[in-house]
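Q: With the sequence up front, the predicted model follows.
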Amino acid sequence: MTSAPASTEATVVIGGGFGGMSAIQTLRHRHPEIPVVLIEPRQRFIFQPLLYELLSGELQPWEVTPDLNQLTASLGVSWLRDSVVSIDTRQRSLTLASGRSLTWRQLLITAGSQPNDYGTPGVREHSLSFRDDDDVQRLRQRIATLKKRSLDSALVIVGAGATGVELACKLADLLDGAAALHLIEMGSSILPNSTAFNREQASVALERRNITVHLNTAVTAVEAERVLLKPGTAIRHQGLIWTAGSQAVSIPILPAPAHHRGRLNIEATLRMEGQEAVFAIGDISGCPDANWPATAQVAMQQGAAVAEALAAQRRGSPLQPFEFMDRGEMLSLGVGDASLTGLGMTLAGPIAFQIRRATYLTRLPGASLGLRSAGAWLLGR
């Protein structure tokens, strides 16, 4: 962690996820004259699309969760390992959990999202999540425990979006029959936002692994060893992973900003509504004039675009609207298996898995880490 002055002309970035790191990299490479301060409480960058391969051991921690000390040092960025507890846009200042205050010339808010339990009783007390390397370790321990049990066991995953489906397939391969797997979805289909090809391949992968899919099924409560379903049924479990939804991280901001569907309201230029020098991207933001999906792909593209907007704002130049380029979707569907659409192709199986992994590895923050990771994979370690 590097220090930053209490009063600064820097561009301050809140959040070191996909959007934040993409913006920082673009700023440092294209506009190195702009000083940057990152505020991020986590020690590591989490490349979430590859957490499944970290769980299975197909990739190593340094490939999926690189240390922010190394990343920020290589980029020449000041990093404060802290959290923001309040922002005053009139004074261009913010307060950190440590009690420290910081002023800024420009502010980029990209603090991301957090799990949303929708008020369902027992979720916080009795469920696991799958968002970072700590969750991976807890799930690995649960897998090891289940493999030692002689009694019938079951794992339940709530939410059949991309995270739930990908995790179910990977867990089925890792458990190798040691526990039954149940995938619960309130909607009428798995992967409601995916392409038809990927949805079909995922359905085949789930069926091949004997994963029981419960569609049109709502969870009413989670208990230590049971999940209660509407209309009055229950499934006993030895572990429940909640992947059913997320919500924007909430940071108190004065004056109170406008919101769009629970997220900070931004213009098409990625600037916060009513603000001259405050921008927001990623899961924490929403634009009434656009319907960008809440994905890492969008956040990374927004990061590169907002870096140019920040530089233009400093020059007094007009800001350009952000245009999302959909480059397709890639899903991990078990150990050594994947499905993808985009890149000019539709493909499933081991080759798709290799393409997916290689594509993501080249997108890791920090060119040296990405090249080192790709090299290790190509050489078969």
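A: Great, that's in hand.
Q: Verify the assumption that residue 204 is located in a helix.
A: Yes. Residue 204 forms part of a helix when assessed by DSSP: H, G, I helix; E, B strand; the rest coil.
Q: I'd like to know how many residues surround it.
A: Applying other C-beta atoms under 10 Å, we find 13 residues neighbouring residue 204. (Each C-beta comes from the backbone N, C-alpha and C, glycine too.)
Q: Look up how far residue 226 lies from it.
A: Using C-beta to C-beta, to the nearest Å, residue 204 is found at 30 Å from residue 226.
Q: same thing with residue 74?
A: 49 Å.
Q: Kindly report the same for residue 268.
A: In this view, residue 268 and residue 226 are 47 Å apart by C-beta to C-beta.
Q: Please apply the same query to residue 197.
A: In this view, residue 197 and residue 226 are 36 Å apart by C-beta to C-beta.
Q: Same check on residue 262?
A: Taking C-beta to C-beta, one finds residue 262 at 30 Å from residue 226.
Q: neighbour count winner among these two?
A: Legend: neighbour count by other C-beta under 10 Å for residue 262 and residue 226, higher for residue 226 (16 against 11).
Q: Mind listing the residues bridging to the spatially closest residue to that one that is not a sequence neighbour?
A: Closest residue in space to residue 226, ignoring its immediate chain neighbours: residue 234 at 4.9 Å, by C-beta to C-beta, 6 or more residues apart in numbering. Going by DSSP bridges, residue 234 is paired in beta bridges with residue 228.
Q: Pull the contacting residues for residue 234.
A: Contact analysis of residue 234 by C-beta atoms under 8 Å, 6 or more residues apart in numbering lists 226-228.
Q: pLDDT wise, what is residue 284 at?
A: With respect to pLDDT, residue 284 has a value of 95.
Q: what's the neighbour count on it?
A: 26.
Q: do you know how far residue 99 is from residue 86?
A: The gap separating residue 99 from residue 86 is 11 Å, by C-beta to C-beta.
Q: who has more neighbours, these two?
A: Using other C-beta under 10 Å as the criterion, residue 99 and residue 86 rank with residue 86 on top: 13 against 8.
Q: Please report how far the most centrally placed residue in the chain lies from residue 34.
A: Closest residue to the average C-alpha location of the chain: residue 48 at 5.2 Å, with C-alpha atoms, centre = their mean. Distance from residue 48 to residue 34, counting by C-beta to C-beta: 28 Å.
Q: that older thread, going by distance to residue 315, which of the contacts of residue 234 wins?
A: Set against residue 315, the nearest of the contacts of residue 234 by C-beta to C-beta is residue 227 (55.0 Å).
Q: so how far is residue 320 from the closest one?
A: From residue 227 to residue 320 the distance is 48 Å (C-beta to C-beta).
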